[in-house]
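Visitor: Provided below are the primary sequence and the corresponding predicted coordinates.
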2 protein chains.
Amino acid sequence: MAEAEAINVDLEIIVQGAQGRSKPELRLWLRMLSTTKLISQEIRRRLRAEFGATLPQFDLMAQLYREKDGLRLGELSKRTMVTNGNVTGLVERLEADGYVQRVTPDGDRRVTVATLTEAGMTLFAAMATAHEAWLQDMMADVDPRMTTALWSEIGTIKSSANNHLSGAAFE
Amino acid sequence: MAEAEAINVDLEIIVQGAQGRSKPELRLWLRMLSTTKLISQEIRRRLRAEFGATLPQFDLMAQLYREKDGLRLGELSKRTMVTNGNVTGLVERLEADGYVQRVTPDGDRRVTVATLTEAGMTLFAAMATAHEAWLQDMMADVDPRMTTALWSEIGTIKSSANNHLSGAAFE
DNA sequence: CAGGAATCTTTGACATTTCAAATATCTGCT
DNA sequence: AGCAGATATTTGAAATGTCAAAGATTCCTG
């Protein structure tokens, strides 16, 4: 009988015994990772099905949407946490589809600035609305107070991680 | 002078204004996503630098490590949350490197079972130890009580998401 | 103002990712 | 037996992802 059989048999079963034996940090990490993967995949599916777009495209357009003057590719790379080389291809495809425009400013010809076109803004606005609703839906069973608390607690994790990166010994 | 200039200018700045305007669920999601991305990238860098391995390879080997009898590719696919087609390639490369072995059982010739080789177990054991230490390091600034609490709270999110997937209308 | 260092983007080689279609094989039913 | 449908894996096309090296251009300094 089919059975839901969540695609999500888990991934939390990494490294250590079924559940108990591993250190709390590892357990937490595995759960964060699997949860994020689960939600990302769902969003990806829906973006594709309803808008024919990909998640990285959505991310990239989101950055441009709030910077009407556009962003240099390097800036885009940092904000989306995607490598430079990757941004090049992403922007190329979005440009081919007519959602993004590239311009080289007069001042500095090394630079490329990407901007959303009209079509891009229209598409993104629609996607953003749907995207927000999907998230509210997926988190419907979570107490709103927990949502807020989690936001701040995960901020602590993020800071901690940021302070312990390989190349980040700067104060 | 170089400046730390975290690769992490954020990604939380998606869709809505700098911080306030968006719904709590969206804010939480963006923060989860960026945090996970940050930590993943760090782990990837270190796996590559210290072991010449990739994160998906590590994940896959982790599953095989705790199932000495091996796993069918489909099972591996579910546990790693990676598509079937993807598992094929991952296993192929790991086999070429001598860390994994493929066998077709007599009973059912549709099936392929992957197992870790001796070399695979040795490598994975080393990686797992390092991996756990990296996580403890990256989460060093997080109160242990918070770590435990977060594990359970994120479990709530995961359940909620699981109950609101497109194709998961089962009870 | 020449030349090297710094900055920005692209390119190239690979690995990973997804989806859908194609292959194989097995199972159940008549 | 024989064939339709279910299972399991592979394949193929396209996008994304990383890193390192190459190209351009600008900046700085002697």
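Guide: Nice, I can see it.
Visitor: how about the helices in chain A?
Guide: A:24-51, A:55-65, A:73-80, A:84-96, A:118-138, A:144-162 (DSSP state H).
Visitor: so what's the residue nearest the centre of chain A closest to, chain neighbours aside?
Guide: The centre of chain A sits closest to A:Asp59, judged by Cα atoms, centre = their mean, with a distance of 5.9 Å. Nearest residue to A:Asp59, sequence neighbours excluded (Cβ to Cβ, 6 or more residues apart in numbering or on different chains): A:Thr80, at 5.0 Å. Glycine gets a C-beta too; all of them are placed from N, C-alpha and C.
Visitor: How about A:Ala126?
Guide: A:Phe51 (7.1 Å).
Visitor: Return the residues in contact with the one you found.
Guide: A:Leu123, A:Ala126, A:Met127, A:Ala130 (Cβ atoms under 8 Å, 6 or more residues apart in numbering or on different chains).
Visitor: Determine which of the helices of chain A approaches B:Val103 most closely.
Guide: helix A:24-51 (28.1 Å; Cβ to Cβ).
Visitor: Give me every residue in chain A lying close to DNA strand D.
Guide: Within chain A, the positions near DNA strand D by Cβ under 7 Å from any atom of the strand are A:54-57, A:81-86, A:89-90, A:93, A:108-110.
Visitor: From those, list the buried ones, please.
Guide: Buried members of these, counted by 16 or more other Cβ atoms under 10 Å in any protein chain shown: A:Leu55, A:Pro56, A:Gln57, A:Met81, A:Val82, A:Leu90.
Visitor: Adding pLDDT, write those out as JSON lines.
Guide: Below are these laid out as JSON lines (pLDDT from 0 to 100):
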{"residue": "A:Leu55", "pLDDT": "98"}
{"residue": "A:Pro56", "pLDDT": "98"}
{"residue": "A:Gln57", "pLDDT": "98"}
{"residue": "A:Met81", "pLDDT": "97"}
{"residue": "A:Val82", "pLDDT": "96"}
{"residue": "A:Leu90", "pLDDT": "98"}
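Visitor: what residues does chain A put near DNA strand C?
Guide: Residues of chain A lying close to DNA strand C (Cβ under 7 Å from any atom of the strand) are A:41, A:44-45, A:48, A:72-75, A:77, A:84-85, A:87-89, A:91, A:102, A:108, A:110-113.
Visitor: And the buried ones among those, selectable in PyMOL?
Guide: Only the buried members of the residues of chain A next to DNA strand C enter the following PyMOL selection, criterion being 16+ other Cβ under 10 Å:
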select buried, chain A and resi 41+72+73+75+77+87+91+112+113
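Visitor: Let me see the contact set for the nearest residue to A:Met146 once chain neighbours are set aside.
Guide: Closest residue to A:Met146 apart from its sequence neighbours, by Cβ to Cβ, 6+ apart: B:Glu153 at 5.8 Å. Neighbouring residues of B:Glu153 by Cβ under 8 Å, 6+ apart: A:Met146, A:Ala149, A:Leu150, A:Glu153.
Visitor: Most neighbours among those, please name it.
Guide: If you count neighbours using other Cβ atoms under 10 Å in any protein chain shown, the busiest of those is A:Leu150, which has 24 neighbours.
Visitor: shouldn't it be in contact with B:Ile154?
Guide: Yes. At 7.4 Å, A:Leu150 counts as touching B:Ile154 under the criterion of Cβ atoms under 8 Å.
Visitor: ok, A:Tyr65 - contacts?
Guide: A:Leu116, A:Met121, A:Phe124, A:Ala125, A:Ala128, B:Val15.
Visitor: Return the residues in contact with A:Ala114.
Guide: So A:Ala114 contacts A:Leu64, A:Gly70, A:Leu71, A:Arg72, A:Leu73, A:Leu76, A:Val91, A:Glu95, A:Val100, A:Gln101, A:Arg102 (Cβ under 8 Å, 6+ apart).
Visitor: Now do the contacts for the fifth one.
Guide: By Cβ under 8 Å, 6+ apart, the contact set of A:Leu73 is A:Asn84, A:Val87, A:Thr88, A:Val91, A:Val111, A:Thr112, A:Val113, A:Ala114.
Visitor: How about the fourth one?
Guide: For A:Arg72, the contact set (Cβ under 8 Å, 6+ apart) comprises A:Val111, A:Thr112, A:Val113, A:Ala114.
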